[in-house]
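*Asks:* Quick one, what's the 3D model for this:
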Amino acid sequence: MRRVVITGIGLITPVGPDLEQTWSGLLAGKSGIGPITQFDTTGFATSIAGEVKGFDPSKYISKRDLRHFDRFLQFGITGGLMAMEDAGFEDFKVPEEEADDWGVYVGSGLGGLTTIQSTYDKGKEKGPRHGFSPYFVCDIIINMVPGMLTIRTGARGPNFSHVSACSTGAHSIGEAARAIERGDAIGMLAGGAESTIAYLGVGGFNAMRALSTNNENPGQASRPFDKDRDGFVIAEGAGMVVLEELEHAKARGARIYAEVAGYAANSDAFHMTQPAPEHEGAQRCMKRALRDAKLDPSDVGYINAHGTSTKFNDLNESLAVARVFGDHATDKKLAVSSTKSMTGHTLGAAGGIEGGIAALAIHRNVLPPTINYQTVDPDCAPLDFVPNEARETRVDAAVSNSFGFGGTNAALVFKRYTGD
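*Replies:* Numbering: from 1, shown residues only. This next block holds a predicted model:
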C-alpha cells in the first residue's frame with residue numbers, strides 16, 4: 001500500500017489567522033476566547049466565543065467574491081490555499097500534467113449558517129422578490145469549499161465533502177489518505193472549515209446546555225479535563241493539510257511534516273450527543289487506528305485530545321485513553337493535551353486544525369499545553385494533560401482524536417518521517 005505524508009498545513013484559528021501565529025500562540029498558552037462581536041447576545045446565556053481576529057482573505061479571494069461569500073467559505077478557501085502555498089505550489093496550482101490525480105476533500109459541520117440567518121432576516125423584511133441573493137444557495141452548501149478550491153488549484157480528481165459534525169475535518173483527512181493509498185490520487189487537499197458564531201448557532205447549543213456560561217472570564221472558560229469545566233466554547237476557523245504519496249513528495253523535494261500512519265472511523269451506536277460509557281466507541285476507534293499504523297500503544301508519545309471542556313466528553317475520553325494505552329498513559333509516559341483550551345471548539349474544522357497541530361508537534365518537537373488546567377477532576381483518568389505550559393520534547397508518533405454528535409468517531413495516527 002502506498003504511503004502518505006503531510007507536505008503543507010494551513011491553519012486559521014482564534015489564536016491566530018495563519019499557521020505561524022496560531023502555532024506561536026498555542027506555545028505561549030494564548031487564549032483566543034473573548035466576547036462575541038458578530039451579533040447581539042442580549043438575552044443569551046452565553047456571550048463568549050472563539051472568533052478569528054485579524055483575518056485578511058484578500059490575497060486569496062477576489063473582492064467580488066468576498067462581498068457575498070459566507071465566512072465559512074472564506075475560511076475554507078483561504079486555509080486551503082495557505083496549505084498549498086505552504087507545500088510549495090506556485091500560485092496554489094497543481095501541475096497541469098498531474099491535475100487528474102489531485103483531489104480535494106473538505107467538509108463542515110453546519111456550513112453557511114450565518115448566511116442562512118441573514119437571508120431569512122432580509123427575506124422577511126423585503127419579501128421573496130427582493131430579499132434573496134442569487135448566490136444564496138452556493139454560499140451555504142458545504143461542498144462549495146472543495147468546489148472552489150478545485151477551481152483555484154486546478155485539481156480535477158476526487159472532489160466532495162464529508163460531513164460528520166465535529167469529526168468532519170479528521171474524517172476528511174483520513175479518507176483523503178485512503179484515496180492516495182489505494183491509488184485514486186497522488187495528492188489531496190483535505191480538512192474542515194466552520195463559522196457558526198451566529199444567533200442560530202449559539203442559541204441552539206445554549207438550548208442543549210452544551211456551552212460554557214463563564215462570560216466574566218472568557219480566557220478561562222474553555223478548561224478541558226478540569227474539575228470546574230462547564231461546557232465548550234463555540235469557535236470558528238479552518239484547518240487544512242496537503243497530503244501526498246511519499247515517493248511523489250520526495251521526487252519534488254517537498255518538506256515532510258509527518259507521515260499519516262493510521263486512520264480509523266467508527267460509531268458508538270449509543271446516543272445522539274453523549275458518548276458511550278468510558279467512550280467505548282473511541283476505544284475501538286483508537287485501537288483500530290493503531291492497528292492500521294502497525295504501532296503498539298507504547299509507541300505513541302502524544303495525543304491531541306478531542307477535549308471539549310464538557311462533562312461527559314472529557315471524563316469518558318480520559319477513561320478511554322487509559323483503557324487503550326494502559327500503564328503507558330496512567331504512568332504519565334504519554335502526553336495528552338487539548339488545544340481547544342485555547343482555540344475553543346471549531347466544530348467541523350476541529351479535526352483539520354488539530355490534525356495539523358499534531359503533525360507540527362512531531363515536526364517541531366514541542367507539545368502545546370492544556371491551559372486553564374487548575375483543579376484535578378478525580379473522576380477523570382490520571383493522565384499527563386501537559387498543564388498550562390508547552391513542553392519541548394521529541395515524540396515519534398501522535399494520535400489526533402475527533403468525536404461528533406451522532407456517535408461518530410475518528411482517530412488519526414501520525415508518525416515522524418525518518419527518510420526510510
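*Asks:* The residue lying closest to residue 340 once chain neighbours are set aside: neighbour count?
*Replies:* Using CB to CB, 6 or more residues apart in numbering and skipping residues adjacent in sequence, the residue nearest residue 340 is residue 307, 5.3 Å away. The way it works is simple: take the backbone N, C-alpha and C, and place the C-beta from them, glycine included. Per other CB atoms under 10 Å, the neighbour tally for residue 307 reads 29.
*Asks:* Show me the helices in the stretch 101-250 of the chain, by range?
*Replies:* 113-126, 136-140, 144-153, 168-181, 199-207, 246-251 (DSSP state H, counting those that start in this stretch).
*Asks:* ok, the residue at minimal distance from the centre of the chain - contacts?
*Replies:* Note on the chain: the residue nearest the mean C-alpha position is residue 350, at 2.2 Å, using CA atoms, centre = their mean. Residue 350 makes contacts with 166, 169-170, 192, 194, 239, 306, 340, 402, as judged by CB atoms under 8 Å, 6 or more residues apart in numbering.
*Asks:* go again using 7 Å as the cut-off
*Replies:* 166, 169, 402 (CB atoms under 7 Å, 6 or more residues apart in numbering).
*Asks:* can you tell me how far it sits from residue 317?
*Replies:* 13 Å (CB to CB, to the nearest Å).
*Asks:* again with residue 143
*Replies:* Distance, residue 143 to residue 317, using CB to CB: 30 Å.
*Asks:* which one of those two has more residues nearby?
*Replies:* Higher neighbour count among residue 143 and residue 317: residue 317, with 31 against 18, using other CB under 10 Å.
*Asks:* what sits against the more buried one?
*Replies:* 279, 282, 305-307, 401.
*Asks:* neighbour-wise, which of these leads?
*Replies:* Result: residue 306 is most packed of those (other CB under 10 Å), 32 neighbours.
*Asks:* who's in contact with that residue?
*Replies:* Counting by CB under 7 Å, 6+ apart, the residues that residue 306 touches are 313, 317, 401-403.
*Asks:* would TSV of these with secondary structure and pLDDT be doable?
*Replies:* Conversion of those to TSV gives the following (DSSP: H, G, I helix; E, B strand; the rest coil; pLDDT from 0 to 100):
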residue	secondary structure	pLDDT
313	helix	96
317	helix	97
401	strand	98
402	strand	98
403	strand	97
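*Asks:* with the contacts of residue 317 in mind, which one is nearest to residue 376?
*Replies:* Taking CB to CB as the measure, residue 376 lies nearest residue 307 of the contacts of residue 317, at 15.1 Å.
*Asks:* and the closest one, how far is that from residue 220?
*Replies:* As judged by CB to CB, residue 307 and residue 220 stand 15 Å apart.
*Asks:* residue ranges of the helices in the stretch 251-400 of the chain, please?
*Replies:* Along the stretch 251-400 of the chain, counting by DSSP H, counting those that start in this stretch, helices occupy 280-293, 311-325, 327-330, 340-343, 350-364.
*Asks:* between these, which one is nearest to residue 137?
*Replies:* So among those, helix 350-364 is nearest, using CB to CB, at 24.4 Å.
*Asks:* Show the average pLDDT along that closest one.
*Replies:* Mean per-residue pLDDT for helix 350-364: 98.
*Asks:* Next: stretch 3-22.
*Replies:* Stretch 3-22 shows a mean pLDDT of 98.
*Asks:* got the end-to-end distance for that stretch?
*Replies:* Length of stretch 3-22, first residue to last, CA to CA, to the nearest Å: 28 Å.
*Asks:* pLDDT below threshold where in the chain?
*Replies:* The chain contains no residues with pLDDT under 70.
*Asks:* distance of the residue nearest to residue 340 from residue 255?
*Replies:* 29 Å.
*Asks:* burial measure for residue 283, as a count.
*Replies:* Neighbour number of residue 283 under other CB under 10 Å is 21.
*Asks:* same check, this time on residue 65
*Replies:* With other CB under 10 Å as criterion, residue 65 counts 16.
*Asks:* List the buried residues of stretch 93-113.
*Replies:* 94, 98, 101-113 (16 or more other CB atoms under 10 Å).
*Asks:* Now intersect the residues you listed with the strands, please.
*Replies:* Secondary structure assignment (DSSP state E) places 102-107 from these within strands.
*Asks:* And those, which is closest to residue 260?
*Replies:* Ranked by distance to residue 260 (CB to CB), these are led by residue 105 at 13.0 Å.
*Asks:* related to what we said a few turns ago, now, which of the ones in strands among the buried residues of stretch 93-113 sits nearest residue 16?
*Replies:* residue 106 (20.2 Å).
*Asks:* Tell me how far the closest residue to residue 205 other than its chain neighbours lies from residue 218.
*Replies:* Nearest residue to residue 205, sequence neighbours excluded (CB to CB, 6+ apart): residue 211, at 4.9 Å. Note on residue 211: its distance to residue 218, by CB to CB, is 12 Å.
*Asks:* who touches residue 39 in this structure?
*Replies:* Shown in contact with residue 39 (CB under 7 Å, 6+ apart): 198-199.
*Asks:* Revised request: answer the last question for residue 142.
*Replies:* 107-108, 111, 161, 163.
*Asks:* let's go with 10 Å and repeat that
*Replies:* 72-73, 76, 106-112, 160-163, 168, 192-194, 348 (CB atoms under 10 Å, 6 or more residues apart in numbering).
*Asks:* Quick check: most distant residue from the centroid of this protein.
*Replies:* Max distance from the centre of the chain (CA atoms, centre = their mean): residue 129, 38.6 Å.
*Asks:* That one and residue 361, how far apart?
*Replies:* Counting by CB to CB, the gap from residue 129 to residue 361 is 54 Å.
*Asks:* what's the answer for residue 113, then?
*Replies:* From residue 113 to residue 361 the distance is 31 Å (CB to CB).
*Asks:* Check residue 144 too.
*Replies:* 32 Å.
*Asks:* what does stretch 377-384 contact?
*Replies:* For stretch 377-384, contacts defined as CB under 10 Å, 6+ apart pick out 224-229, 278, 302-303, 305, 311, 314-323, 325, 329-337, 367, 370, 376, 391.
*Asks:* make it 8 Å
*Replies:* Residues from elsewhere that reach stretch 377-384 (CB under 8 Å, 6+ apart): 225-227, 229, 314-315, 318-319, 321-322, 329-330, 332-336.
*Asks:* show me what contacts the residue lying closest to residue 246 once chain neighbours are set aside?
*Replies:* Spatial nearest neighbour of residue 246, excluding adjacent residues (CB to CB, 6+ apart): residue 3 at 4.1 Å. By CB under 8 Å, 6+ apart, the contact set of residue 3 is 181, 245-246, 259.
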